[in-house]
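> When you get a sec, could you give me coordinates for this:
(3 chains)
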Amino acid sequence: MNKSLAVAAVALATVAFAGAAQARDQIRIVGSSTVYPFTTAVAEQFGKAGKFKTPVVESTGTGGGFKLFCAGVGPDHPDLTNASRAIKKSEFETCAKNGVADVVEMKVGYDGIVLAASKKAKHMDITRQQMFLALAKDVPQGGKLVPNPYTMWNQIDPKLPAAKIEVLGPPPTSGTRDAFVELVMEAAAETFPELKELKKSDEKAFKKAYSSVREDGGYVEAGENDNLIVQKLDANPNAFGIFGYSFLDQNSDKLQGSMVDGVAPTFDNIAASKYPVSRPLFVYAKKAHVGQIPGIKEYLAEYTSEKAWGKTGYLADKGLIPMPDSERKEWAAKINGLEALKM
Amino acid sequence: MQLLILMVVLLALTTFGFRLGRGRAIAASGNNPRLLHSLPRYHGYYVALWSGLPALFLIAAWLMLEPSLLHSAVMSALPADLQGLSEERLALVYNEVRNVARYGHVPSTDAVGQAAAGYIGVRDTVFLSVAALALALAVAGLAFARKRIEVELRARNRVESVVKVFLVLASLAAIFTTIGIVLSLLFESLRFFQAVSIFEFLFGTQWSPQMAIRSDQVGSSGAFGAIPLFTGTLLISGIAMLVAVPLGLLSAIYMSEYAAPKFRSVVKPLLEILAGIPTVVYGFFAALTVAPFFREIGASMGLSVASESALAAGMVMGIMIIPFVSSLSDDVITAVPNSLREGSYGLGATKSETIKQVVLPAALPGIVGGVLLAVSRAIGETMIVVMAAGLAANLTANPLEAVTTVTTQIVTLLVGDQEFDSPKTLAAFALGLVLFTVTLALNVVALSIVNKYREKYD
Amino acid sequence: MAENSSLVRSTPAAMAARLKRRYAAETRFRLAGITAIALALGFLATLIFTIFSNGLTAFVQTSVKVEVAFDPEVLGIGNDRSPDALAGANYGQVIKESLYKQFPTVEGRSERRELVGLVSSGADITLRKMLAANPALIGTTQSVWLIAGDDIDMAMKGHISRTPGADGNRLTDRQLGWIGDLERQGAIRKGFNTTLFTTGDSREPELAGLWGAVVGSFFSLSITLIVCFPLGVATAVYLEEFAPKNKWTDIIEVNINNLAAVPSVVFGLLGLAIFLNFFGMPRSAPLVGGLVLALISLPTIIIAGRAALKAVPPSIREAALGLGASKQQMVTDHVLPLAMPGILTGTILGMAHALGETAPLLMIGMVAFIVDIPASPMDPAAVLPVQVYLWADSPERAFVERTSAAIMVLLFFLGMMNLAAILLRKKFERRW
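Residues are numbered from 1 along each chain as shown, chains lettered A, B, ... in the order given. Take a look at the predicted model:
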């Protein structure tokens, strides 16, 4: 009898587990790794208040996040997505096409993109133009575009360190990459006469020229894990990393940010928009899910409360640069009223 | 919970059936069980199986059908304005209905509240009827089986044939696993090879798998040449073998030929601990301690050692594999017949001469087989390289530089990514297919060598 | 050597010299063996020492005594005393105001930020719990021990330097001064770290706990055991005792041996393609993790089971059959009970291996940031080794300590399982 008892117990247990095709009763968030630390901090606070389950946050990159977010409405699709840039028109249209009609946009605050290195390395003062020369796939030389010949920083400018160019940065799924391309590469490209010519004659080729990043080892795509980049920089003093200011802020004992166009990446410089490479951060919510997945409205309310995103809120402690008071108030009203984005 | 109660009741019924069957059989034999064809307990099993199995099948079928049944019941009862929603919106509504019904969330609209009430109603009614039916089946089976009990009933044969069916089915599980692996790898890889030619994948020397994800974006070229990954894997596994083979083999020789039994009984389990430590721990150790250590040594000697050098990852992997090599070679060395050793001693050879010139040559095929198994292990090892090896696909043979491996790339490509329509994610499956094929081939060769060797001395 | 050996052999002195050489070679060879073993054990010792020396301090936790004024205005609740209002009150601000009051000389944004950094950003939970239990505290001032920030904790434990002006120090000289002040006042102490064993994951090292991962591991392993023990034993019994010797069973055998050598990450790909994509099971769930681990452990258990069955001498079988038992009776009543200790030992070892497995679980999404303790195998969860991996990847210095502590917990469980296996083997080991 022992055996049949055991068999029955096993069957009982398997059957009891197999039957539970789960209903989803917690918020799912995907998207940018730059916004990830802020969203998780809010998620933890939200979960600890005890009324709702803690949202599950996965870091998939801004682009990857939009792709998942816009794939459709329903429990299989995420409710919110983090973005380190505003939604693109093409993405908004994909959303609409898949029935994700009403999207609530939430501007979270500002963040700078920094070029950082280990503290063990020499401090670097670099211009955007020099960054372009170090990272672009093809650079203008003698009136035409040639494959990037630079392998050492001091080949670009003798004042830069005599080290191999090795920059760890985000892949194309990342919003940081998009913002970096826009704020550094595009801006720098326009300062080269050759590329300026190109812009006039062939907009598309120009775009290709400034957004193609070298693939010969000078730029290493390090995935969607900014923490990983921090670790690798700490281990390798010759490498530089590209990521959000908040990661620099959290790791100020290990890393230093390079000055860009003569401005150091500090909280105050970014807040005062002196630092040239800064951008706003966003979270997008699906209006259709509000009320049907429990807690979305409350989560947004927690996010937009003064204790979270305010000047002395816990997000500022994490390195987020808050919006000015009036802007915060304006956005909070919009978000809590669930005003849908129009494009 | 209700299900649990039902199962417990069912269990009680089958237990009762067992006792009933056994008692009935003894009674039928006139309290002389020796007259029965089968032992009384087999009659008991017979009745228990008849009462338990059909009911279990019914419950299993219900569990499989329940979700879709409930879904259609709730959906058809929804008010017309909700019915008109798109399928995805309906799924959302249904999700909320279930949340309300299961966890008592507050419904956002009355319609949802009603639907939830309906959901609970349908669920409970269906459950009750299934429970009633299952119990009826159990009782009917019990009665039926009980009736058939007689002195001549071949209860044992029947019970045994049921058990046999279970055994055969169980032994197929392993086959299904293999089929599952092969199918899933092949299927996704084929999709990948529709986008990237197999030739480019196997022989290309540039690996840069990121692709643009929007039409208005320029990504990298999306090169899928896996040669740098293969060389990186070989480099790291090679270093691992350079550490593991000498250390493993020498410790095996010492332990099987020299060590006193007491020493052996202490040291062998200690060495095996190395194999029992989870690989994620080795990865942490490699990244936190070994890699910086090598970098500093390199710096003091004026060498530039990458922080994710193949050397660090390979060495830690080698440490992990030591017990693997040593226990396999230990087996092989002990299997060499003593007559060979004694013959050698008789000719005046010292112990080490005997080992080097007689035992090792005799054991060589087995050792080679063991080393091949260890190589296949090293190639497939994931966590150490994920944590301690690099991400950049460098085509280099310099152990001081960072290389990446097949397994690292599989993990990097898939973690955090949830879509399966881009070559980037599918590439992971193609890499998996290569990994599977190579380790399988190594394993088949190694096992056949070892088996042949065993036959030689058995 | 062959030509002149006959000449050399004749002189006893040369013979002695050669013998000496041969004996020296013998000693060298022995030494090489010993060295190999010593090296391997040395690595093991270094590994264990590194983990323990890094991890031991994680079992204590620094906390700071703060005079907290529960001012309803600062809490932002006015006259509302409902549980909802209390749950949503601004405890962070209360802590900040209390700290500003305690250190009145501190002014300016960055200085105040440094001051607030003394206390963990999760310390408000302590206050929330206090008020939830006793709303009468509103309006009073209490001295409360609050969890210290991770950097303070690291400094108190000596993991980061406390010399002012040290290079690359995360703590500023001012903060170091405050720590000194607090120490003199007896307002900073170290106590047992219960957080580590009672909470789930967190982005803050001082709030991060292992309990979620332990529960996740427990669910996963339960599923693994439920699935693979019956299947494994049944397969072993079938192949060893019943299967006819033919092509088909040969295929099954070869297949099982090969399956045992397939890299675990490939099983992860299988889980992703079949369980998640094809059957649509939930991501990050211990149910799926357990199933994947079951497939990985199945070959191990089958092989161990067969070895245990093989070890039962044929005489037992012959005796049973000779007394008229059927083949199945022989197996279930005689062979299996004798083989059971061996099978169980193999199973426990297989489970221990499954407990340490990480790579396949990364494939099925068990790396998400999950705070809540899973309540069922369908809830998203992490498992212990994945938690180690996640923490190892976190940049905060305090996570190094916690990762090591997590490894110690993992090794503790593994040690217990292995110990159980060894005891089982010792107790029931039989020599025929």
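
> Mind naming the longest strand for chain A?
In chain A, taking DSSP state E as the definition, the longest strand is strand A:103-118.

> Run through who's touching the helix or strand following it.
Downstream of strand A:103-118, the next assigned helix or strand under DSSP states H and E is strand A:125-126. For strand A:125-126, the surrounding residues in contact (Cβ atoms under 8 Å, 6 or more residues apart in numbering or on different chains) are A:115, A:159-160, A:258-260, A:262. Just so you know, the C-beta spots here come from the backbone N, C-alpha and C atoms, and that holds for glycine as well.

> mean confidence score for strand A:125-126?
For strand A:125-126, mean pLDDT is 90.

> Paired strands for that strand, with orientation please.
Strand A:125-126 has its sheet partners listed here by DSSP bridges as strand A:259-260 (parallel).

> ok now the partner strand, how far from the chain's centre?
On the basis of Cα atoms, centre = their mean, to the nearest Å, strand A:259-260 sits 20 Å off its chain's mean C-alpha point.

> distance between the helix or strand just after that strand and the chain's centre?
Once strand A:259-260 ends, the next helix or strand along the chain (criterion: DSSP H and E) is helix A:267-271. Distance of helix A:267-271 from its chain centroid, counting by Cα atoms, centre = their mean, is 18 Å.

> For helix A:267-271, list the C-alpha coordinates in CSV.
Extracted in CSV, the C-alpha atoms of helix A:267-271 (Å, rounded to 0.1, in the frame of the first residue of the first chain):
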residue,chain,number,x,y,z
PHE,A,267,24.4,67.3,-10.0
ASP,A,268,24.4,71.0,-10.1
ASN,A,269,25.7,71.4,-13.6
ILE,A,270,23.1,69.0,-15.0
ALA,A,271,20.3,70.6,-13.0
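
> neighbouring contacts of that helix?
Identification of contacts with helix A:267-271 by Cβ under 8 Å, 6+ apart yields A:110-112, A:245, A:249, A:263, A:275, A:278, A:321-322, C:110.

> Stretch C:335-346 too?
With contact meaning Cβ under 8 Å, 6+ apart, stretch C:335-346 is reached by C:233, C:236-237, C:241, C:300-301, C:303-305, C:307-309, C:311-312, C:316-317, C:320, C:421, C:424-425, C:427-430.

> I'd like the contacts of strand A:125-126 written out as a markdown table, with distance to B:Leu372 added.
Compiled in a markdown table, these are given as follows (distance: Cβ to Cβ, whole Å):
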| residue | distance to B:Leu372 |
| --- | --- |
| A:Leu115 | 47 |
| A:Lys159 | 55 |
| A:Leu160 | 50 |
| A:Ser258 | 50 |
| A:Met259 | 55 |
| A:Val260 | 54 |
| A:Gly262 | 60 |
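
> Can you select the buried ones among the contacts of helix A:267-271 for me in ChimeraX?
Buried residues among the contacts of helix A:267-271 (16 or more other Cβ atoms under 10 Å in any protein chain shown), as a ChimeraX selection:
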select /A:110,111,112,245,249,263,275,278,321,322
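
> Could you identify the most distant pair in the contacts of helix A:267-271?
Spatial extent of these (Cβ to Cβ) is set by the pair A:Val263 and A:Pro322 at 19.7 Å.

> Which segments of the chain make up each domain?
In the absence of a named chain, this looks at chain A. A:26-110+A:280-336, A:112-278 (automatic domain parsing).

> The intended chain is chain C.
Domain segmentation of chain C under automatic domain parsing yields C:2-56, C:60-199, C:211-428.

> now the end-to-end length of the longest one.
Its first and final residues considered, domain C:211-428 spans 34 Å by Cα to Cα, to the nearest Å.

> any weak-confidence spans in the stretch 101-250 of chain C?
The stretch 101-250 of chain C contains residues with pLDDT under 70 at C:165-170.

> which bits of it sit near chain A?
Counting by Cβ under 8 Å from any Cβ of the partner chain, the stretch 101-250 of chain C comes close to chain A at C:110, C:112-113, C:116-117, C:121-122, C:125, C:128, C:160, C:167-170, C:200, C:202-204, C:207, C:223, C:226-227, C:230.

> Out of those, which end up buried?
Buried members of those, counted by 16+ other Cβ under 10 Å: C:112, C:116-117, C:121-122, C:125, C:128, C:160, C:169-170, C:200, C:202-204, C:207, C:223, C:226-227, C:230.

> re the thing from before, selecting buried members of the contacts of stretch C:335-346 in ChimeraX, what would you type?
Filtering the contacts of stretch C:335-346 down to the buried ones (16+ other Cβ under 10 Å) takes a single ChimeraX command:
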select /C:233,236,237,241,300,301,303,304,305,308,309,312,317,320,421,424,425
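
> From the contacts of stretch C:335-346, which land in helices?
Among these, the ones falling in helices (DSSP state H) are C:233, C:236-237, C:300-301, C:303-305, C:307-309, C:311, C:316-317, C:320, C:421, C:424-425, C:427-428.

> which residues touch the residue in the stretch 1-150 of chain B positioned nearest to chain C?
Closest residue of the stretch 1-150 of chain B to chain C, Cβ to the nearest Cβ: B:Leu39 (8.4 Å). The contact partners of B:Leu39, by Cβ under 8 Å, 6+ apart, come to B:33, B:156.

> List phi and psi for it.
Note on B:Leu39: backbone dihedrals following degrees, to the nearest 10 are phi -60, psi 150.

> now it: how far from B:Ser29?
In this view, B:Leu39 and B:Ser29 are 11 Å apart by Cβ to Cβ, to the nearest Å.

> Likewise for C:Lys327?
Look at C:Lys327 and B:Ser29: by Cβ to Cβ, they are 24 Å apart.

> what about the strands in chain C?
Under DSSP E, chain C gives strands at C:60-69, C:141-147, C:188-192.

> Of these, which stretch is the most buried?
Comparing the strands of chain C by mean neighbour count (mean count of other Cβ atoms under 10 Å in any protein chain shown), strand C:60-69 ranks first with a mean of 20.
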